[in-house]
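[1] Predicted structure and sequence below. I'll ask about it afterward.
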Amino acid sequence: MYPSRKSKLIFQFFSWYIAYILKKDFSGYTYDRLQNKEDEAILLLANHFSWWDGFLMFQLNKVIFKKEFHVLVTEADYQRQWYLKYLGAFASKPKGKDVVETLAYAGQLLDDPKNLVLLFPQGRLYTSYVNNISFEKGVMQLINASKKKFQIVFSATLTDYFDNRKPMAKSYLCTWEAEEYISLQLLKRAYNKHYEEAVHKQSKKSA
């Protein structure tokens, strides 16, 4: 596994820098407000359509959830973008055993109430025009590796220009109250229902 290597100095710099570039390159970034449970960790499931996604979720955590930020990324992103490891990113090596161990590690992070784990269930970048968000099976391996005492938050981020020179981004959020038994299909269905509702709300803005 490629571990995160948090550095307070680098973390503080990028915390400032991410807020700066979001303000500079977007005409606005808005999000829903949720009730945060301090005694439970958060598994944040988000769609993945751009280079900005991790930064947007990082900012979201800073202003809303205020947890220790962790994100599972691909080996390529971990190697290519050197700074990610200092912001809480970790990755698995392309071997079966290491993938299992990395997912188990991510699940164990959710046993600590101070943590937030960001996961892009699609596993890689997809166009923002998809109608359905796919879920890799590793999502359930991660969940089953935990004690299942954490919050699951869905984030569907959408962007539009409307009459602005720069794009506007909106993260539609909701907390999913899971049943005692969670399956991949149940989780995928619930997330995609939230995603469809987000797209519907977004489309009404331009009407």
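    Sure, I can see it.
[2] bridging residues for the residue nearest to the spatial centre of the chain?
    Centroid check for the chain by CA atoms, centre = their mean gives L118 as the closest residue, at 3.7 Å. Taking DSSP bridges as the rule, L118 bridges to L44, V71.
[3] wait, it sits on M57?
    Yes: using CB atoms under 8 Å, L118 is in contact with M57, at 5.1 Å. Every C-beta, even on glycine, is put in place using the N, C-alpha and C of the backbone.
[4] Find residues that contact each of those two.
    44, 46, 71 (CB atoms under 8 Å, 6 or more residues apart in numbering).
[5] my guess is the last one meets M57, correct?
    Yes: when contacts are counted by CB under 8 Å, V71 is listed as touching M57 (7.4 Å).
[6] Mutual contacts of those two, please.
    L118.
[7] strands paired with the top strand by length along the chain, and their directions?
    Counting by DSSP state E, the longest strand found in the chain is strand 150-160. Next to strand 150-160 in the sheet, as set by DSSP bridges, lie strand 41-46 (parallel), strand 168-176 (antiparallel).
[8] which regions of the chain lie under the pLDDT threshold?
    For the chain, the stretches with pLDDT under 70 are 206-207.
[9] Show me the helices in it, by range?
    Secondary structure of the chain (DSSP state H): helices located at 8-25, 53-60, 75-80, 96-109, 138-144, 184-205.
[10] before we move on, back to that, deepest of the strands paired with strand 150-160, which one?
    Highest mean neighbour count of those: strand 41-46, a mean of 24 (counted as mean count of other CB atoms under 10 Å).
[11] Distance from the chain centre to that one, please.
    Centroid separation for strand 41-46 versus its chain: 6 Å, with CA atoms, centre = their mean, to the nearest Å.
[12] Residues touching it, excluding its own?
    With CB under 8 Å, 6+ apart, strand 41-46 has contacts from 36, 53, 57, 60-61, 65, 67, 109-121, 139, 142-143, 150-157, 171, 187, 191.
[13] What of stretch 51-70?
    Identification of contacts with stretch 51-70 by CB under 8 Å, 6+ apart yields 4, 15, 18-19, 21-22, 29, 31, 33-34, 36, 41-42, 44, 46-47, 71, 73, 84, 87-90, 106, 109, 112, 114-118, 120, 153, 155, 157, 169, 171, 173.
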